[in-house]
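Peer 1: When you get a sec, could you give me coordinates for this:
(one chain, ligands or ions: 2)
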Amino acid sequence: MDRMKRTPIKEQDPKVRANNFEEVCLGYSLEEAVLEASRCLNCKNPRCVGDCPVSINIPEFIEQVKSGNIEEAAKIIAKSSALPAVCGRVCPQESQCEGKCVLGIKGEAVAIGKLERFVADWSRENKVDLSEVEENKNKKVAVIGSGPAGLTCAGDLAKKGYNVTIFEALHEPGGVLVYGIPEFRLPKDTVVKHEIENVKKLGVKIETNVIVGRTVTIDELMEEEGFEAVFIGSGAGLPNFMGIPGENANGVASANEFLTRNNLMKAFKEEYSTPIRVGQKVAVVGGGNVAMDAARTALRLGAEVHIVYRRSESELPARVEEVHHAKEEGVIFDLLTNPTEILTDEKGWVSGMKCVRMELGEPDASGRRKPVEVPNSEFIMDVDTVIMSLGTSPNPLISSTTKGLDINKRKCIIAEEETGLTSRERVYAGGDAVTGAATVILAMGAGKKAAKAIDEFLSK
Ligand code: FAD
Ligand code: SF4
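Peer 2: Ligands and ions are numbered 1, 2, ... in the order given. Below is the predicted model:
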């Protein structure tokens, strides 16, 4: 075995998968997982753990995989993470745990994410019970939102013996894991539902179709329904737009709406009648994970798809793996290109998109080189559908209906980094609602910190 090289992982052929919604990556077999685990040096001072936002004991679980003891590996991961099959699939490991693995200095980092995924899938297939709960404390905690932040906070508190109820606005729990990230990256019925079921097995109740701020307010939950603390994990679901002419045309959608129709409302399945419009030629504006997901979804629905991004490839915020997969499947990248107007036909439908070419100038406040317009470079891109993927912001509904809850200019709830405590006593917040659109594992990390702080406060 060459210790510097990763054990390859099987994937669906790009030509085949470009026409279906089945999962792209097929995962390791037991033999492959053991082989990959045996590359780990079991470092005395494991740099990988320090860069895991939920501090999974990575060398310890990998050691168990190496010995073929997968159930024990699952138990080690479960101490830190309620959603390992999700994280193993969607975490940006290359910039977290794997980015710090010593083997990555001279060769390829251990495939920590793929091993985590293997362990989680194995324990699901082998029905391993991971629900260890302390004695009941008879104290009620409310969690708003059932995305990764809410599920993690709820799961950790339930393990400590609290009676936790999650209030979720949508008809299905899971947040972005069910309505945003597509099936071909994160299967819903097997992976996501199972991990939500594991949280429920800890005793967490999930009430769907409850919009906090409309159906019930935080003040009512605390003052009338006896909840002693509240965690807000309501995400950042409001899409941003460019503000260019023509953005209201028929055939323009936000990536969130497009993906929700497809994922949650199953537009890609013939037996569902959810309306979704994908023309012949689609422009997806933006370069993040959400843009890649929208582009790859539109491609699978039969369109020619262009990613339109104003910076160059090295500034693309999406994960390297997602960009690589999108390219393999046939998504076309129009980089250093910026839309200036969406053109419409006489019936108000998109008939093209005016764009300008860009070049990179001096670094801006984010440290990335600022794109500047190339003079006289205007051209018209021939497209009939435009999907805007320019980031999202938190919905102000909760902050505007809760007494004393402070938000910042970006409408994000202000919360202490270490505890998630907001300006309102006994109200905590974390995940995208606090940071703006970020990642699953950061949301989980915030949910974990808040659960610890809530437990410390309620145990006084
Ligand atoms: P969310 O997952 O947004 O969950 C919030 C929940 O709160 C939702 O279910 C919402 O319905 C509910 N809610 C909102 N308001 C209320 C209310 N008033 N009352 C009750 N419930 C409410 N991250 C990665 O790490 N890797 C990826 O590959 C990745 N890909 C992504 C792809 C897409 C398409 C999108 C949109 C995001 C992606 N992300 C990815 C980001 C990641 O999914 C988010 O950062 C993460 O889900 C945030 O978790 P959260 O729990 O804070 O919020
Ligand atoms: Fe194993 Fe890499 Fe972590 Fe060291 S840094 S313990 S080699 S995964």
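
Peer 1: quick one: contacts for residue 75?
Peer 2: Residue 75 is in contact with 128, 130, counting by C-beta atoms under 8 Å, 6 or more residues apart in numbering. In short, each C-beta sits where N, CA and C put it, glycine included.

Peer 1: Same check on residue 190?
Peer 2: Residues in contact with residue 190 (C-beta under 8 Å, 6+ apart) are residue 124.

Peer 1: neighbours around residue 418, how many?
Peer 2: 10 (other C-beta atoms under 10 Å).

Peer 1: Any residues of the stretch 301-450 of the chain in contact with ligand 1? List them.
Peer 2: Residues of the stretch 301-450 of the chain found near ligand 1 (C-beta under 6 Å from any ligand atom) are 395, 397, 398, 431, 432, 433, 437, 438, 439, 440, 441, 443.

Peer 1: ok, residues contacting the longest strand seen in the chain?
Peer 2: If you go by DSSP state E, the chain has its longest strand at strand 350-363. The contact list for strand 350-363 (C-beta under 8 Å, 6+ apart) reads 246, 249-252, 279, 283, 308, 310-312, 334, 336-345, 369-374, 377-386.

Peer 1: make it 7 Å
Peer 2: 249-252, 283, 308, 310-312, 336-345, 369-374, 377-386 (C-beta atoms under 7 Å, 6 or more residues apart in numbering).

Peer 1: Over to stretch 179-188?
Peer 2: Counting by C-beta under 7 Å, 6+ apart, 17, 21-24, 86, 89-90, 170, 177-178, 192, 256, 259-260, 262-264, 290, 293, 296-297 sit against stretch 179-188.

Peer 1: mind checking the end-to-end distance for it?
Peer 2: 10 Å (C-alpha to C-alpha, to the nearest Å).

Peer 1: How about that stretch and ligand 1, touching?
Peer 2: Yes - judged by C-beta under 6 Å from any ligand atom, stretch 179-188 and ligand 1 are in contact via 180, 181.

Peer 1: before we move on, the earlier item: near ligand 2 too, which of the residues of the stretch 301-450 of the chain next to ligand 1?
Peer 2: Within those, nothing lies near ligand 2 by C-beta under 6 Å from any ligand atom.

Peer 1: Okay, and which of those map to helices?
Peer 2: 397, 398, 432, 433, 440, 441, 443 (DSSP state H).

Peer 1: Quick check: of the residues you listed, which lies closest to ligand 2?
Peer 2: Of all those, ligand 2 sits closest to residue 441, with 16.1 Å by C-beta to the nearest ligand atom.

Peer 1: could you check the distance from that closest one over to residue 149?
Peer 2: 10 Å (C-beta to C-beta, to the nearest Å).

Peer 1: more crowded one of the two?
Peer 2: More neighbours surround residue 149 than the other of residue 441 and residue 149, with 35 against 24 (other C-beta under 10 Å).

Peer 1: give me the low-pLDDT residue ranges for the stretch 101-250 of the chain?
Peer 2: Counting by pLDDT under 70, the stretch 101-250 of the chain contains no low-confidence segment.

Peer 1: Would you map the helices across the stretch 1-150 of the chain?
Peer 2: Along the stretch 1-150 of the chain, the segments classed as helices by DSSP state H, counting those that start in this stretch run 14-17, 30-37, 47-50, 58-66, 70-78, 84-90, 97-100, 103-106, 112-125, 148-159.

Peer 1: Now tabulate those helices in a markdown table and tack on distance to ligand 1.
Peer 2: Formatted as a markdown table, these follow (distance: least, C-beta to the nearest ligand atom, whole Å):
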| stretch | distance to ligand 1 |
| --- | --- |
| helix 14-17 | 17 |
| helix 30-37 | 21 |
| helix 47-50 | 17 |
| helix 58-66 | 17 |
| helix 70-78 | 17 |
| helix 84-90 | 4 |
| helix 97-100 | 13 |
| helix 103-106 | 20 |
| helix 112-125 | 11 |
| helix 148-159 | 3 |
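
Peer 1: which one of the ones you listed is the most hemmed in?
Peer 2: Of the helices of the stretch 1-150 of the chain, the one with the most neighbours on average (mean count of other C-beta atoms under 10 Å) is helix 148-159, at a mean of 30.

Peer 1: Excluding its own residues, what touches that helix? List them.
Peer 2: 82-83, 132-134, 141, 143-144, 164, 166, 175, 177, 196, 199, 202-204, 231, 233, 430-431, 440, 443-444, 446-448, 450-451, 454-455.

Peer 1: Among these, name the buried ones.
Peer 2: 82-83, 141, 143-144, 164, 166, 175, 177, 196, 199, 202-204, 231, 233, 430-431, 440, 443-444, 446-448, 450-451, 454-455 (16 or more other C-beta atoms under 10 Å).

Peer 1: Which ones among the contacts of helix 148-159 map onto strands?
Peer 2: 141, 143, 144, 164, 166, 231.

Peer 1: Could you pull up the contacting residues of the fifth one?
Peer 2: Spelled out, that is residue 166. If a contact means C-beta under 7 Å, 6+ apart, then residue 166 has 143, 146, 150, 154, 173, 204, 206, 207 as its contacts.

Peer 1: if you skip the residues just before and after it, what's nearest to whichever residue of the stretch 201-350 of the chain sits closest to ligand 2?
Peer 2: Taking C-beta to the nearest ligand atom, ligand 2 has its nearest neighbour within the stretch 201-350 of the chain at residue 321, 18.0 Å off. With C-beta to C-beta, 6 or more residues apart in numbering as the criterion, residue 321 has its nearest non-adjacent residue at 7.5 Å, and that residue is residue 94.

Peer 1: There's contact between the one you found and residue 320 in this structure, I believe.
Peer 2: Yes - using C-beta atoms under 7 Å, residue 94 is in contact with residue 320, at 6.1 Å.

Peer 1: Looking at these two, which one has more neighbours?
Peer 2: residue 94 (14 against 11).

Peer 1: Residue 133 and residue 56, how far apart?
Peer 2: Applying C-beta to C-beta to residue 133 and residue 56 gives a distance of 20 Å.

Peer 1: What are the contacting residues of stretch 367-374?
Peer 2: 310-311, 315, 336, 338, 356-364.

Peer 1: Only whichever of those are buried, select them in ChimeraX.
Peer 2: In ChimeraX syntax, the buried subset of these is picked out as below (16+ other C-beta under 10 Å):
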select :310,311,315,336,338,356,357,358,360
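
Peer 1: What is the lowest-pLDDT residue among the contacts of stretch 367-374?
Peer 2: Least confident of the contacts of stretch 367-374 in the model: residue 364, at 83.

Peer 1: Which residue is the nearest non-sequential neighbour of that one?
Peer 2: Here the residue nearest residue 364, using C-beta to C-beta, 6+ apart, is residue 370, at 4.1 Å.

Peer 1: tell me which element the one you found is part of?
Peer 2: Here residue 370, judged by DSSP states H and E, is contained in strand 369-373.

Peer 1: re earlier: dump the helices of the stretch 1-150 of the chain into CSV; add distance to residue 7 as well.
Peer 2: Shown next, in CSV, are the helices of the stretch 1-150 of the chain (distance: least, C-beta to C-beta, whole Å):
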stretch, distance to residue 7
helix 14-17, 21
helix 30-37, 4
helix 47-50, 17
helix 58-66, 12
helix 70-78, 16
helix 84-90, 15
helix 97-100, 14
helix 103-106, 12
helix 112-125, 8
helix 148-159, 28
